[in-house]
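Engineer: Predicted model follows, preceded by the sequence.
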Amino acid sequence: MNQRQKEGWGRRARLCLLAGSIGLFATHASWAGAPLDPVQAKAIGQRLWQNESDGTLSGLTAWNSGEEFASLGIGHFIWYPAGGRGPFEESFPELLRFLERRSISLPEWLRSARFCPWPNRKAFLSDANGARMRELRSILAATVGEQTEFAVERLEGALPRILSALPAGERERVEKNFRALEATPAGLFALVDYVNFKGDGTFPTERYRGEGWGLLNVLQAMEPGPALPSFRRAARIVLERRVENAPPARHEERWLHGWLNRIDGYR
């Protein structure tokens with residue numbers, strides 16, 4: 001077993017422990033490259049879903065006021081309409097391709113869509129009970145395990161990108177912070193949740209006034225001491241800074257309380 005396989009197995013083992021720690025029925029961990037056990041994936045996915053939208057069915061298809069994109073699935077994966085590209089990394093089309101690789105049958109309108117088929121928030125909300133929206137929610141509710149695998153896969157790809165984006169002198173400390181977090185189930189969940197919540201921090205347009213808010217930025221801001229409390233404090237600083245730097249028209253202060261409550265849940 002090579003080092004990457006060992007690390008992948010270890011992450012899944014700790015996710016298995018996390019599933020047990022939140023009161024659901026975890027079994028053995030999967031080997032690197034293999035899907036998570038369905039029960040593990042459901043347990044972790046339920047918590048991701050709870051963090052994003054209180055575990056509600058309607059929360060699987062959201063379009064927040066003031067945003068230029070739909071937020072879909074348990075991780076509120078971003079999907080832009082045609083001509084609506086914005087600064088945030090789009091992830092929902094990647095999820096659709098992931099589901100297809102997992103042999104999930106998608107309807108033709110979804111499989112062939114290059115962009116979010118609803119052109120704006122008004123159209124999206126007006127179609128809340130339409131046939132396509134109901135079908136989309138049904139697919140998302142039935143694929144919580146697969147979406148969780150996708151979220152874990154995003155984390156597994158994040159660290160190499162983070163390290164390559166850093167000055168050489170910062171890489172060792174940031175990697176040490178990452179490794180300290182992934183060594184415990186709660187710390188590993190914080191990594192999985194945060195990278196799907198605010199990205200890995202390497203996307204060049206995810207900046208306000210030159211400062212980002214992704215996982216990279218939180219790992220940079222961590223101070224010496226126990227990893228998880230340090231991560232919570234650093235995430236709070238990074239998110240408060242994001243709101244301070246945000247364009248006033250976005251009114252991001254309306255989301256800050258919920259964001260900080262989410263971070264406080266990393267225990």
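Structural biologist: Great, that's in hand.
Engineer: Can you mark which positions in stretch 103-111 are buried?
Structural biologist: residue 106 (16 or more other C-beta atoms under 10 Å). Where you see a C-beta, it was placed from the backbone N, CA and C, and this is true even at glycine.
Engineer: so where is the stretch 1-150 of the chain shaky, pLDDT-wise?
Structural biologist: 1-37, 40-41 (pLDDT under 70).
Engineer: Please enumerate the helices of it.
Structural biologist: In the stretch 1-150 of the chain, the helices defined using DSSP state H, counting those that start in this stretch lie at 3-21, 38-53, 92-101, 108-111, 121-126, 131-142, 144-165.
Engineer: Residue 72: which of these is closest?
Structural biologist: Between residue 72 and these, the tightest spacing by C-beta to C-beta is seen for helix 92-101, at 5.2 Å.
Engineer: For the closest one, which outside residues touch it?
Structural biologist: 70, 72-73, 77-79, 106, 110-111, 116, 139, 143, 146-147, 149-150, 153 (C-beta atoms under 8 Å, 6 or more residues apart in numbering).
Engineer: circling back to that earlier point, tell me which of the helices of the stretch 1-150 of the chain sits most buried.
Structural biologist: helix 38-53 (a mean of 21; mean count of other C-beta atoms under 10 Å).
Engineer: between that helix and helix 131-142, how many degrees?
Structural biologist: On the basis of axes from the mean of the first three to the mean of the last three C-alpha atoms, to 10 degrees, helix 38-53 is oriented at 130 degrees to helix 131-142.
Engineer: on that earlier part again, so which of the helices of the stretch 1-150 of the chain gets nearest residue 207?
Structural biologist: Closest among the helices of the stretch 1-150 of the chain, using C-beta to C-beta: helix 144-165, at 12.1 Å.
Engineer: Remind me what the closest one packs against, helices and strands.
Structural biologist: Other elements packing on helix 144-165 under the criterion 3 or more C-beta pairs under 8 Å, 6 or more residues apart in numbering; DSSP states H and E are helix 3-21, helix 38-53, helix 92-101, helix 168-182, helix 185-198, helix 215-221.
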